[in-house]
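Novice: sequence and computational prediction follow.
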Amino acid sequence: MLKEFQKAQCPAAERETAYTPFVPQAAPSSYTANEADANSGKTPEQRALLVESRRQEVLFLYNEIAFNEAIIEEREHGIQAIQQQIGEVNEIFKDLDVLVHEQGTMNGLVVISHPMV
């Protein structure tokens, strides 16, 4: 079984190293015909390195965007939690106002209540 697995593993590893995923890229706005002409004079290895470099840059930017979106989502959840806590504190103050007002009327005191938000 081990030998059969190793036989199957070798071609799979070769295909994996030969495979380069296609990542569509839009040409940057600064990409001009002069740059295309300059690239045409490069060797295939240089062009392949340039393409790989740009592909890695695009992947890096996609990862950075995903990271920033995750941070934004986390902050939104934090803001929602704070808003909920503010609402709860507001309810506590309203209840406290009612209690103070009721206790003042029970003792015969005049309580001036302030409007709450």
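Specialist: Here it is on my side, so go on.
Novice: CA atoms for contacts and neighbours, from now on please.
Specialist: Noted.
Novice: all helices for the chain, in order.
Specialist: When secondary structure is read from DSSP state H, the chain shows helices at 2-18, 33-40, 44-106.
Novice: in CSV: the ones you listed, plus mean neighbour count and mean pLDDT.
Specialist: Supplementary listing: the helices of the chain in CSV, determined by neighbours: other CA atoms under 10 Å; pLDDT from 0 to 100:
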stretch, mean neighbour count, mean pLDDT
helix 2-18, 10, 68
helix 33-40, 10, 55
helix 44-106, 13, 91
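Novice: phi and psi next, for T43.
Specialist: The phi and psi torsions at T43 (degrees, to the nearest 10) take the values phi -70, psi 160.
Novice: if I look at it, how far off is L49?
Specialist: 10 Å (CA to CA, to the nearest Å).
Novice: cool, and E74?
Specialist: 37 Å.
Novice: D97 now?
Specialist: The separation that D97 has from L49, given CA to CA, amounts to 71 Å.
Novice: ditto for F67
Specialist: The gap separating F67 from L49 is 27 Å, by CA to CA.
Novice: and if you look at L99?
Specialist: 75 Å.
Novice: same check, this time on I65
Specialist: The separation that I65 has from L49, given CA to CA, amounts to 24 Å.
Novice: cool, and Q56?
Specialist: 10 Å.
Novice: please apply the same query to I79.
Specialist: Plainly put, I79 is 45 Å away from L49 if you go by CA to CA.
Novice: what of L96?
Specialist: To L49, L96 is 70 Å away according to CA to CA.
Novice: equivalent analysis for A66, please.
Specialist: A66 is 26 Å from L49, where distance means CA to CA.
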